[in-house]
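>>> Sequence and predicted structure below; questions after.
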Amino acid sequence: MRIVVFFLLLLFSNLLVASPAFESHLEDVNANAVNYGYLLENGDDALLARIHLIRQARETIDIQTFIWKSDDTGWFMFYELYLAAARGVQVRLLIDDLSLRSIPKFVAFLADLHPNLTMKQYNPCRSH
């Protein structure tokens, strides 16, 4: 079921619609070519904002995060980051080790997926 949902997200990703307030904000940003902050109050708008930023990136994407789950949203984000890497954007991810411990094969797969995609695990507490 998860794979079916993931592929449906990929097929219909351009049909995702933001809330009216966030859509108005995006229109204002595009019309005035300005940069400013906006409080994203729900998960759907936050995901759409991230996808929009990934798709608009031209040179680099740097993401540092504590939580990254291997769920539909996580897969969708990885797919978009892969597409960015494939179009020449340098993508660098720094993800906390606690988020990645349960998916070591997936992490190994991503590490070799594309030369423009770099993923590092952060673990400040691990004893050597």
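Good, I have the coordinates. If you're wondering where the values come from, they're calculated on a predicted model, not measured in any experiment. Numbers count the residues shown, from 1 in each chain.

>>> who's in contact with the helix or strand hosting residue 98?
Taking DSSP states H and E as the criterion, residue 98 maps to helix 97-100. Contacts with helix 97-100, where a contact means Cβ atoms under 8 Å, 6 or more residues apart in numbering, come from 65-69, 107, 121-123, 126. Using the backbone N, CA and C atoms, a C-beta is placed for each residue, glycine as well.

>>> Could I have the CA atoms of it written out in CSV?
Below are the C-alpha coordinates for helix 97-100, written out as CSV (Å, rounded to 0.1, in the frame of the first residue of the first chain):
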residue,chain,number,x,y,z
ASP,A,97,21.5,9.3,13.3
LEU,A,98,18.4,8.4,15.3
SER,A,99,16.3,9.0,12.3
LEU,A,100,18.3,6.7,10.1
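
>>> Quick one: mean pLDDT over it.
Averaged across helix 97-100, pLDDT comes to 71.

>>> buried sites along whichever helix or strand comes after that helix?
As assigned by DSSP H and E, the chain's next helix or strand after helix 97-100 is helix 104-111. By neighbour count with 16 or more other Cβ atoms under 10 Å, helix 104-111 contains the buried residues 107, 110.

>>> now for helix 104-111, which elements pack on it?
Applying 3 or more Cβ pairs under 8 Å, 6 or more residues apart in numbering; DSSP states H and E, we find helix 104-111 packed against strand 117-122.

>>> Where does the prediction get shaky in this protein?
Across the chain, residues meeting the criterion (pLDDT under 70) sit at 1-19, 22, 35-36, 38, 99, 124-128.

>>> centroid residue for it?
For the chain, residue 77 is the residue whose C-alpha lies nearest the centre (Cα atoms, centre = their mean; 3.5 Å).

>>> what about it, distance to residue 30?
23 Å (Cβ to Cβ, to the nearest Å).

>>> For residue 80, grab the count of nearby residues.
22 (other Cβ atoms under 10 Å).

>>> hmm, I was thinking of residue 71
Neighbour count for residue 71, taken as other Cβ under 10 Å: 12.

>>> Do you have the strands of this protein handy? List them.
In the chain, the segments counted as strands under DSSP state E are 60-65, 90-96, 117-122.

>>> With distance to residue 82 added, can I get these in CSV?
CSV is the format used below for the strands of the chain (distance: least, Cβ to Cβ, whole Å):
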stretch, distance to residue 82
strand 60-65, 11
strand 90-96, 8
strand 117-122, 7
